[in-house]
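Novice: Provide a 3D model corresponding to the input given below.
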Amino acid sequence: MKLLNEDIKILQLFFQISEKDKIKAAKKPIFPLSIRKNSPSSYYFINNPDGSIRWFFPTNNKNPIFLHLYNAQQWKGKLFKYLVSALAKLGIVWKTGTFKLKKVDCTIINELSKELNIQEYAVFTGTKGPNRKLLIALGENGSVKHFVKYPISEQSNKNIQNELVSIQILIKKSTWKYWKLPDVKALKKGILIENLNPKSNKKSSSNWTTVHTKALAEWYDVLAQKRVLATTLYKEKLDEILAEITDFQKTNSKKLTFNLKKKTELLQQLYQQIDWNQEVWTAWAHMDFTAWNMYQEPNRLLVYDWELAQAEMPILYDYFHFIYQNETLVKHNNQVGILAKIEENDELIQKLKEKFDINPHLYHQLYILYNTAYYLLLYAKQEELHQQVYWSLKVWEDALVMLTTTTKYSKETLHYV
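Specialist: Alright, predicted model coming up:
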């Protein structure tokens, strides 16, 4: 069984071995199951659908701790986790294949073992793209108490350092009642971060609940500040992204699989409609506030993955992001359905309208403008795009058309008419 070149590079980086050190992969098994073996310097791996390695872990792992690196939202994923866990209790491993190294001296694990009782570990090789990083689960006494985020690109290193600083700032802002953020520590390369769900006994809800409303209401009570829109970090970052999209269009020679020009024109139309001299309420935003980046307790959200966190973002940004991502990627809803869900879950909007006298339509526009621009640039640079990207692009384009041209918003009913 031959490993892909991209996988070999990642394994060389993780194990800190050179091209001369051969990585030998065993023949592809007929069935994706094996009796667990304790073979020195041998590793199981499980592939993505495209044949690249998704997870790898030592063959002497006693527990399927790679499942801590898998957030299953739909029934197929939940069934997979159940089956893998059940088989592990019988000493059976679910795997795509096996590879072996002649020499293993993994500096990352060795350094951490000096202060942590690491008995087993597993590695997620990351999502393809400029933000790609390795995520390492560290097993201690049958549970995973810590992860390591290990950058493999300049951008992922910036993101990880941003997460470190953002969490350190936000933890000190308040003794949060409806939030828990993970403890985090800087490493020589990357960060060590607390697992908010070490026993895998907490669940994440794909639906917006009263706990989400209470959490964001508390967030804005503590952090919201009024600022002239033109002077915000939001505007500064947005202008940088739009300028980079313009430069990309001028210099790019490859043919994209989506119409970047049309979407950029829609962005510019909406941008021109915004009064940048008006005052808006801003706060820190998680920027990827989704069901798969949090766990939920009865009265608290446990939120992780703060790599994209940013200050001075328009309030409601995280609210709109949660609704859009869940309705698009999980429920495969269209723009009409998303609007209906926004109107259905408008308790938070009502609270903020009463407290801050906001126009929700403006904050909806500001969310769509920034989020679409950010991901358009990201996807334009990315070599391969999965199907979910095209779902999102369609929804964002429909939202841009709606918010730019034909929509009127009733401040009284909070509904689009």
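
Novice: Beyond the helix or strand encompassing His146, next helix or strand please.
Specialist: Using DSSP states H and E, His146 sits within strand 143-151. Scanning forward in sequence from strand 143-151 by DSSP H and E, the next helix or strand is helix 154-173.

Novice: mind checking how far that next one is from the chain centre?
Specialist: Chain-centre distance of helix 154-173: 14 Å, with C-alpha atoms, centre = their mean, to the nearest Å.

Novice: Now do that helix against strand 143-151, angle only.
Specialist: Computed by axes from the mean of the first three to the mean of the last three C-alpha atoms, to 10 degrees, the angle separating helix 154-173 from strand 143-151 equals 130 degrees.

Novice: Next secondary structure after helix 154-173?
Specialist: Taking DSSP H and E, what comes next after helix 154-173 is strand 179-180.

Novice: Can you tell me what sits against that next one?
Specialist: Contact partners of strand 179-180, identified using C-beta atoms under 8 Å, 6 or more residues apart in numbering, comprise Leu196, Ala215, Glu218, Trp219, Arg300, Leu301, Leu302, Val303. In short, each C-beta sits where N, CA and C put it, glycine included.

Novice: Over to stretch 114-126?
Specialist: For stretch 114-126, using C-beta under 8 Å, 6+ apart, the contacting residues are 7, 10, 14, 52-58, 60-63, 65-66, 68-70, 109, 112, 132-141, 146, 152, 156.

Novice: from the residues you listed, which ones fall inside helices?
Specialist: Asp7, Ile10, Phe14, Ile109, Leu112, Ser156 (DSSP state H).

Novice: pLDDT on stretch 358-369, on average?
Specialist: Taken as a whole, stretch 358-369 has a mean pLDDT of 96.

Novice: and what of stretch 315-323?
Specialist: Mean predicted confidence for stretch 315-323 is 98.

Novice: Just the residues contacting it, thanks.
Specialist: For stretch 315-323, contacts defined as C-beta under 8 Å, 6+ apart pick out 208, 212, 216, 220, 224, 280-283, 285-291, 338, 341-342, 345, 348-349, 352, 356, 358, 360, 363-364, 366-368, 370-371.

Novice: TSV please, covering the contacts of strand 179-180 and showing distance to Ala399, secondary structure and pLDDT.
Specialist: Formatted as TSV, the contacts of strand 179-180 follow (distance: C-beta to C-beta, whole Å; DSSP: H, G, I helix; E, B strand; the rest coil; pLDDT from 0 to 100):
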residue	distance to Ala399	secondary structure	pLDDT
Leu196	31	coil	91
Ala215	25	helix	97
Glu218	28	helix	98
Trp219	24	helix	98
Arg300	31	strand	95
Leu301	26	strand	96
Leu302	30	strand	96
Val303	25	strand	97
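
Novice: Just the buried residues of these.
Specialist: Among the contacts of strand 179-180, those scoring as buried are Leu196, Ala215, Trp219, Arg300, Leu301, Leu302, Val303 (criterion: 16 or more other C-beta atoms under 10 Å).

Novice: and the closest residue to the third one other than its chain neighbours, how many neighbours does it have?
Specialist: This means Trp219. Leaving aside its sequence neighbours, Trp219 sits nearest to Ala283 (C-beta to C-beta, 6 or more residues apart in numbering; 6.5 Å). Look at Ala283: counted by other C-beta atoms under 10 Å, it has 20 neighbours.

Novice: same thing with Tyr304?
Specialist: 22.

Novice: that older thread, other SSEs contacting the strand holding His146?
Specialist: helix 107-113, strand 133-140, helix 154-173, strand 191-194 (3 or more C-beta pairs under 8 Å, 6 or more residues apart in numbering; DSSP states H and E).

Novice: ok, back up a step: which of the ones in helices among the contacts of stretch 114-126 sit farthest apart?
Specialist: Asp7 and Leu112 (23.1 Å; C-beta to C-beta).

Novice: who has more neighbours, those two?
Specialist: Set Asp7 next to Leu112 and count neighbours by other C-beta under 10 Å: Asp7 wins out with 21 against 18.

Novice: Is that one in contact with Ser52, as I believe?
Specialist: Yes. Under the criterion of C-beta atoms under 8 Å, Asp7 is in contact with Ser52, at a separation of 5.8 Å.

Novice: ok so, going back, tell me which residues are up against the one helix or strand the residue nearest to Trp219 maps to.
Specialist: Using DSSP H and E, Ala283 sits in strand 279-285. The contact list for strand 279-285, computed with C-beta under 8 Å, 6+ apart, reads 166, 170, 219-220, 223-229, 232, 234, 309-315, 317-318, 352, 356, 358, 362-363, 366.

Novice: what residues go with each domain of the protein?
Specialist: 5-152, 210-406 (automatic domain parsing).

Novice: what would the ones you listed look like in CSV with distance to Tyr178?
Specialist: What follows is those, written out as CSV (distance: least, C-beta to C-beta, whole Å):
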stretch, distance to Tyr178
domain 5-152, 21
domain 210-406, 4
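
Novice: Return the member of the ones in helices among the contacts of stretch 114-126 nearest to Trp75.
Specialist: Nearest to Trp75 among these, with distances taken as C-beta to C-beta, is Asp7, at 29.1 Å.

Novice: What segments of the stretch 1-150 of the chain are strands?
Specialist: 23-25, 33-35, 42-47, 53-58, 92-94, 97-101, 120-124, 133-140, 143-151 (DSSP state E, counting those that start in this stretch).

Novice: Let me have those strands in TSV, extended by distance to Leu393 and mean pLDDT.
Specialist: TSV is the format used below for these (distance: least, C-beta to C-beta, whole Å; pLDDT from 0 to 100):
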stretch	distance to Leu393	mean pLDDT
strand 23-25	36	77
strand 33-35	38	76
strand 42-47	27	92
strand 53-58	24	94
strand 92-94	34	90
strand 97-101	34	89
strand 120-124	26	95
strand 133-140	24	93
strand 143-151	27	93
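
Novice: what's the burial count for Leu385?
Specialist: 16.

Novice: any idea of the pLDDT on it?
Specialist: 88.
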